[in-house]
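S.K.: I would like the atomic coordinates for the input below:
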Amino acid sequence: MSPIASVCVCSDYFTVGDDGRLCLIPGQQGLRQVLTFGTTGSYTFKKADYPWLARVRVMVQAGGGGAAGARASAGQLVAQPGGSGGGYSERLIDVSVLGATESIVVGAGGAAGTATTDGGNGGNSSFGGLCTANGGAGGQAVMPSGNTPMCLSGTPGPAAGIGDIAQGGGPGGGALRISGNEGQSGEGGESWMGHGGWQRSSTGGGGAGRGWGGGGAGGFARDGDTTNGTGGGSGIVIVELWG
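M.R.: Okay, here's the model as predicted:
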């Protein structure tokens, strides 16, 4: 008979069960998989689908607020504030804390306002109730048509949600009218995972955000022009699976 082989096992990562099988120690495998939910909507996470799971790290970005458009009378000017950026939260969660299923929600970007209506609020994003982020507020259609100086406050950013790291989004910029020919709309608010849209000083909807969760910039119009606003950036949820 051949002699039985002897194998040395690293006890930091492996264990030998009573039945003689060599097994990985839970929690020692590191990052094994990344799930990305980048389309607006609702999803379900089932921990039973990952029997080796030890913990998850979730990164939750909410949607940014949209911004209003603008309509100016002849010889006059209108500039609107920007929408605020969506909030962001992050959390490391042990598998023992997870429910059998956890709902994942990816918030939509706030809708673009028309020439006379406010931009829409960005949608909240979440991983169950364990990690949540609040959507950015829409920029309002608050400047009336005119040719006299006027300055308007920006759009406040949302409050922080729930997480080991949790913060609100950046505020939307304020709007300024110097005369019936000169002014500037407000920029969109920044987010952790995106940038707000750029402000305008010529007729058009404000700049759109880049990345995830940025706010839309405010619309600008002068001398009889009309323009719609700009939508906010959508949210995203990223789930890292650690074994």
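S.K.: wait, residue 61 touches residue 190, no?
M.R.: No: counting by CB atoms under 8 Å, residue 61 sits too far from residue 190 to count as a contact (11.8 Å). Every C-beta, even on glycine, is put in place using the N, C-alpha and C of the backbone.
S.K.: show me where pLDDT drops low in this protein?
M.R.: By pLDDT under 70, the low-scoring segments of the chain are 1-15, 17, 20-27.
S.K.: 90 instead, please
M.R.: The model of the chain has pLDDT under 90 over residues 1-29, 209.
S.K.: how about the helices in it?
M.R.: In the chain, no segments count as helices under DSSP state H.
S.K.: that older thread, okay, residue 61 and residue 190: which has more neighbours?
M.R.: Under the criterion of other CB atoms under 10 Å, the comparison of residue 61 against residue 190 puts residue 61 first, with 32 against 24.
S.K.: any idea how far the more buried one lies from residue 72?
M.R.: Taking CB to CB, to the nearest Å as the measure, residue 61 and residue 72 are separated by 35 Å.
S.K.: for stretch 217-226, measure first residue to last.
M.R.: Using CA to CA, to the nearest Å, one end of stretch 217-226 lies 16 Å from the other.
S.K.: tell me the buried residues in that stretch?
M.R.: 217, 218, 219, 220, 221, 222, 225 (16 or more other CB atoms under 10 Å).
S.K.: OK, contacts around the residue nearest to residue 205 when sequence neighbours are not counted?
M.R.: Spatial nearest neighbour of residue 205, excluding adjacent residues (CB to CB, 6 or more residues apart in numbering): residue 230 at 4.5 Å. Contacts for residue 230 were tallied using CB atoms under 8 Å, 6 or more residues apart in numbering; they are 66-67, 112, 119, 188, 197, 205-208, 216-219.
S.K.: nearest to residue 140 among those residues?
M.R.: When the contacts of residue 230 are ranked by distance to residue 140 (CB to CB), residue 119 comes first, at 7.5 Å.
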